[in-house]
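Colleague: This is a predicted model, with the sequence first.
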Amino acid sequence: MRTLFLGILLAWPVFGLWGLHGADPRIAIAVVVLALSVNTWLYLGYRRQRFPFWSWIPEGVCMGLIAAASDYGTTIGLYFVWVNFRALYGGLREKILAAAVICGIMAAGFVVLDRRPGSAVPLLFTALLSLAVNHVLAQASSARDRSADRQGTLASAGGGLVASTTRAEAMDVTLGAALSMDRSAGAALMITVAGPAIHVIAAAGNVGGEAAGWVTELSRLPEEIRTALRPGGYTIVDGGVAAAVTEILRLPRHPVVAVAPMAAHGSVFGMLVLALERRPVDDLSASVTTLADEAALTLDQLLSRSRLSVVVEHSADALILAGEAGFIRFVNPAAASMLGCSSDELLGRGLWSLVHEDDLGTLRGGATPNLSPSAAPCRIRGREDAAWTDVEALVEYVSEHDGSRSIVFTARDVSERHRLELELRHAQKLESVGRLAAGIAHEINTPIQFVGDNVRFLDTAFVDLERLSGAYRELAAAVQDDGDVEAALRNVEQVASDIDVEFVMEEVPIAVSQTLEGVNRVAHIVRAMKAFGHPGTEEKSRADLNEAIQNTIAVANNEIKYVADLETDLGDLPLVHCHLGDINQVVLNLIINAAHAIGAADRGRGTIRVNTRLDGDYAVIEVADTGTGVPPEIADKLFDPFFTTKEVGTGTGQGLALVRTLVSDRHGGTIDFTTTVGVGTVFTVRLPVAGVEGAADGDRLVEATQ
């Protein structure tokens, strides 16, 4: 509408000043100059979209002179177009001045030019009516323009906030947009609320030198402000409340203050404060709260992004992001350190090229979009000449913001943990040997006792035989020297009778045999202890399970022999790919538990049976007892860590939990049991003969890992 009226004003002189035809040239030239000057002035004001308050008076004089010079002819139209155009600018105060100017022009026409009221009054009322109508239109147009400006400001702020990479940038964008919300805006603050305190984190505009960085108590703010600090809240205050707020926030005095909370996830963490020189014509609540919400969302996202960056950069776990095809897009410092490569070296490489080829099947099989991820042990390295690092890896498919699929690879270095676990298992074996030490000492003491007795007997027998040998030497000398042979012969007979040579000759071989048997028994126990207590290695090897079981039985014999008879039926087994020390520990725990179950049954001497057999690709070990059995209510807890049915101080609850870990996790085998309360229990251990690494088909591998 303003543009339309301006166009008419600019085009009017082409034909509107035709009314000056025939007038005094001096007057005509002056009017033309006035008309062009007024049009130029109006055009400049149009470009600025505002006019000074006082400009109504000189403009009115010029327009009155133009109309009067043309004898109120066709240029009177220019007058009315001017009234309508100028009525679209300024406030009510200017419109009152404009009405006074128009009335003054008409009064001058009555007095100076002696115009008749009959023709002038209708023009006056028409001009005043146009002024009133266009004032209303101007108010609506200005409100629309202000609303459009605010929408543009919000759109620009939204783009700026999206592009912000730091909190400082986001706060600058927010404060700039807040100051653009209204021409009367003088200052803008962003304040965080942390418990009982508030902190001015950013300020712009006329804020003085003390507001930025100011910290004070939330309780000092007026009740109206504190009440508005809720999601979706807003308040605008003036008068004494506004004065109190500006004083508390160390701002220069502003008559009006608007406050919008900043909230994220339903919780207010700050507020946007706008100080104004006067109460705004329009309602700012929607614009200010929208800006506060956008700022709060951006600040929260930047904070979350910053925290995530800190977590990723300082995580001890290796984090790798790869595309769905497996090419690496991002690695964190821990991944670069673990792989012994820089981030630049790893970017663009294939993720699966970092993983040991023997572990690819299990790891890639778990990296499917439709299955929940689970950690799997594997080995990784960044260079061909580097050593493999043992890790637990988690592979998960995720969707990024652009809809593309990516792979998140998380790896935790467990090399040290594996070393400690190996040492712990060795310590547990030594602890088991320690608990059995008294029994082992007794097992060794028994053969040592009869070995000692036999050696003492042999010592005495040797002395007696030495006496008999001396008598025979004397007899031989008497024969050779023609001495008293009869006397020498009687001496031999006497010595032989004294030492009971028949008894000695009969018992010495028996004593020697028993001594050798005792030595063999001691040697067997020592070998069994040595084999049982050996720490082993982290690498699996082929081992004879039957021999390992016999060694374990020898170590545990004293724990068993007073409560049960032990029977073995060891089948023909091939060499099994396993950690032999782990199998020793498994069998020992099962045998000791069986002995304790028989003792707890209190039914006298029981029986423990240990059987082995081959079942397809699995070696099976069964340990059966005639003990108490397992009640149904605790059957599902039997393998839980720290669960025990023994009294406090006599059991840790780690025995069967350790057995399951060694069988399932370390060997890919299974352990189960069948039981009858009051009759006994049979534990069945199944171990893959070839080991998990050598399983021939996927079904067998899945069965082994379950």
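Modeller: Yep, that arrived.

Colleague: Could you double-check that Leu276 lies in contact with Arg253?
Modeller: No: taking contacts as CB atoms under 8 Å, Leu276 lies outside contact range of Arg253: 11.8 Å. Every residue, glycine included, has its C-beta placed from N, CA and C.

Colleague: When these two are compared, which one has more neighbours?
Modeller: Leu276 (22 against 10; other CB atoms under 10 Å).

Colleague: what packs against the longest helix belonging to the chain?
Modeller: Counting residues, the longest helix found in the chain (DSSP state H) is helix 117-163. In this structure, helix 117-163 packs against helix 76-86, helix 92-111, helix 167-179, helix 285-314, with contacts taken as 3 or more CB pairs under 8 Å, 6 or more residues apart in numbering; DSSP states H and E.

Colleague: so how far is the second one from its chain's centroid?
Modeller: Pointing back at helix 92-111 there. In terms of CA atoms, centre = their mean, to the nearest Å, the centre of helix 92-111 is found 74 Å from the chain centre.

Colleague: what does the third one give?
Modeller: Between the centre of helix 167-179 and the centre of its chain there are 30 Å (CA atoms, centre = their mean).

Colleague: got a list of contacts for it?
Modeller: 153-154, 156-157, 160-161, 163-164, 185, 187-190, 201-205, 272, 274, 288, 291, 294-295, 298-299, 302-303, 306 (CB atoms under 8 Å, 6 or more residues apart in numbering).

Colleague: Weed out the non-buried ones from the residues you listed.
Modeller: 153-154, 157, 160-161, 164, 185, 187-190, 201-205, 272, 274, 288, 291, 294-295, 298-299, 302 (16 or more other CB atoms under 10 Å).

Colleague: thinking again about what came up before, closest to Ser353 out of the helices and strands packed on helix 117-163?
Modeller: helix 285-314 (22.5 Å; CB to CB).

Colleague: and the closest one with helix 117-163, angle?
Modeller: Interaxial angle, helix 285-314 versus helix 117-163 (axes from the mean of the first three to the mean of the last three CA atoms, to 10 degrees): 10 degrees.

Colleague: I'd like the numbering to begin with 2 instead of 1 from here.
Modeller: Sure, I'll start counting at 2 from here, so that last one is helix 286-315.

Colleague: contacting residues around the closest residue to Phe458 other than its chain neighbours?
Modeller: In this structure, Phe458 finds its nearest non-sequential neighbour in Ala512, 5.2 Å apart by CB to CB, 6 or more residues apart in numbering. Residues in contact with Ala512 (CB under 8 Å, 6+ apart) are 455, 458-459, 462.

Colleague: So which of those residues is the closest to Ser38?
Modeller: Asn455 (143.5 Å).

Colleague: Mind pulling up the pLDDT for that closest one?
Modeller: Asn455 is assigned a pLDDT of 75 by the prediction.

Colleague: Could you measure from it over to His266?
Modeller: Separation of Asn455 from His266 (CB to CB, to the nearest Å): 86 Å.

Colleague: In terms of neighbours, single out the busier of the two.
Modeller: Asn455 (21 against 8).

Colleague: mind checking the SS state of the more buried one?
Modeller: At Asn455 the chain is in helix, as set by DSSP: H, G, I helix; E, B strand; the rest coil.

Colleague: same question for the helix or strand hosting Ala555, mean pLDDT?
Modeller: Per DSSP states H and E: Ala555 is located in helix 546-561. Computed over helix 546-561, the mean pLDDT rounds to 82.

Colleague: ok, now stretch 234-243?
Modeller: For stretch 234-243, the mean pLDDT works out to 92.

Colleague: mind listing what's buried in that stretch?
Modeller: 234-238, 242-243.

Colleague: Return the subset of these lying in helices.
Modeller: Reading helices off the buried residues of stretch 234-243 with DSSP H, I get 242-243.

Colleague: Now intersect the buried residues of stretch 234-243 with the strands, please.
Modeller: Cross-referencing the buried residues of stretch 234-243 against strands under DSSP state E gives 236-238.

Colleague: Rebuild these as CSV, extending it with distance to Gly349.
Modeller: CSV is the format used below for these (distance: CB to CB, whole Å):
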residue, distance to Gly349
Thr236, 55
Ile237, 56
Val238, 59
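
Colleague: where along the stretch 352-501 of the chain do the helices fall?
Modeller: 361-367, 416-436, 438-481, 486-500 (DSSP state H, counting those that start in this stretch).

Colleague: Which residue is the nearest non-sequential neighbour of Leu340?
Modeller: Gly383 (3.1 Å).

Colleague: Look up how far Gly404 lies from the one you found.
Modeller: 31 Å.

Colleague: okay, those two: which has more neighbours?
Modeller: Counted by other CB under 10 Å, Gly383 and Gly404 do not tie: Gly383 has more neighbours, with 20 against 6.

Colleague: any idea how far the more buried one is from Arg350?
Modeller: Taking CB to CB as the measure, Gly383 falls 9 Å from Arg350.

Colleague: Was I right to think the residue nearest to Leu340 contacts Gly341?
Modeller: Yes: Gly383 is in contact with Gly341 according to CB under 8 Å; the separation is 5.0 Å.

Colleague: Is Met263 in a helix, a strand, or coil?
Modeller: Per three-state DSSP, Met263 ends up strand.

Colleague: Number of residues surrounding the closest residue to it other than its chain neighbours?
Modeller: Leaving aside its sequence neighbours, Met263 sits nearest to Ala297 (CB to CB, 6+ apart; 3.7 Å). By other CB under 10 Å, 24 other residues sit near Ala297.

Colleague: need the contact list for Ala297.
Modeller: 263-265, 270-271.

Colleague: in the stretch 602-707 of the chain, which spans are strands?
Modeller: 607-616, 619-626, 671-677, 681-689 (DSSP state E, counting those that start in this stretch).

Colleague: that older thread, per-residue pLDDT, the residue nearest to Leu340?
Modeller: Reading off the confidence values, Gly383 has pLDDT 89.

Colleague: my read: Lys382 touches Val392, true?
Modeller: Actually, residue 382 is Arg rather than Lys. No: Arg382 is not in contact with Val392 according to CB under 8 Å; the separation is 10.1 Å.

Colleague: Pretty sure His668 sits against His580.
Modeller: Yes: taking CB under 8 Å as the definition, His668 is a contact partner of His580 at 7.2 Å.

Colleague: So for the two, which residue has more residues nearby?
Modeller: Ranked by neighbour count (other CB under 10 Å), His668 and His580 place His668 first, with 24 against 21.

Colleague: quick one, what contacts the more buried one?
Modeller: 579-580, 583, 688-689, 692-693.

Colleague: possible to save those as JSON lines with pLDDT and distance to Ala88?
Modeller: As requested, the contacts of His668 are arranged in JSON lines below (pLDDT from 0 to 100; distance: CB to CB, whole Å):
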{"residue": "Cys579", "pLDDT": "86", "distance to Ala88": "100"}
{"residue": "His580", "pLDDT": "81", "distance to Ala88": "97"}
{"residue": "Asp583", "pLDDT": "81", "distance to Ala88": "98"}
{"residue": "Leu688", "pLDDT": "92", "distance to Ala88": "99"}
{"residue": "Pro689", "pLDDT": "92", "distance to Ala88": "96"}
{"residue": "Gly692", "pLDDT": "72", "distance to Ala88": "96"}
{"residue": "Val693", "pLDDT": "61", "distance to Ala88": "91"}
